[in-house]
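K.L.:
The following block contains a protein sequence and its predicted model.
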Amino acid sequence: MAKKELTYGEATAQIEKILARLRSEEMDVDTLAAEVKRATELIASCKERLRKAEEEVNKILEA
């Protein structure tokens, strides 16, 4: 079964939660690498969505 793709808002909310746990030191060393990896994946996804949105806006403005 394929994973449901997160919306931009859901992805940024997850990033914020990870950052909050890091800042409050709620995260132990054993989960740190996994959480950093997840945050990196989420950030890459958000950047791609922003890039696509920028392309679409530019196409609209050029028309």
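P.N.:
In hand now; what should we look at?
K.L.:
which one's the longest helix in the protein?
P.N.:
helix 29-62 (DSSP state H).
K.L.:
Now do that one: which elements does it pack against?
P.N.:
If you count contacts as 3 or more C-beta pairs under 8 Å, 6 or more residues apart in numbering; DSSP states H and E, helix 29-62 packs onto helix 8-23. C-beta coordinates here come from the backbone N, C-alpha and C atoms, glycine included.
K.L.:
List the buried residues for the helix it packs on?
P.N.:
Within helix 8-23, the residues that count as buried by 16 or more other C-beta atoms under 10 Å are 11, 15, 18.
K.L.:
can you tell me which residues contact the first one?
P.N.:
Meaning residue 11. Listed by C-beta atoms under 8 Å, 6 or more residues apart in numbering, the contact partners of residue 11 are 42, 45, 46.
K.L.:
Could you single out the nearest of these to residue 34?
P.N.:
Nearest to residue 34 among these, counting by C-beta to C-beta, is residue 42 at 12.6 Å.
K.L.:
Look up the closest residue to the residue nearest to the spatial centre of the chain, ignoring the ones flanking it.
P.N.:
The residue lying closest to the centre of the chain (C-alpha atoms, centre = their mean) is residue 42, at 2.6 Å. Take residue 42 and drop its neighbours on the chain: the residue closest to it by C-beta to C-beta, 6 or more residues apart in numbering is residue 11, 4.7 Å away.
K.L.:
Same question for residue 14.
P.N.:
Of all residues not flanking residue 14 in the chain, residue 42 sits nearest, at 5.7 Å (C-beta to C-beta, 6+ apart).
K.L.:
What is the three-state secondary structure of residue 6?
P.N.:
Three-state assignment for residue 6 (DSSP: H, G, I helix; E, B strand; the rest coil): coil.
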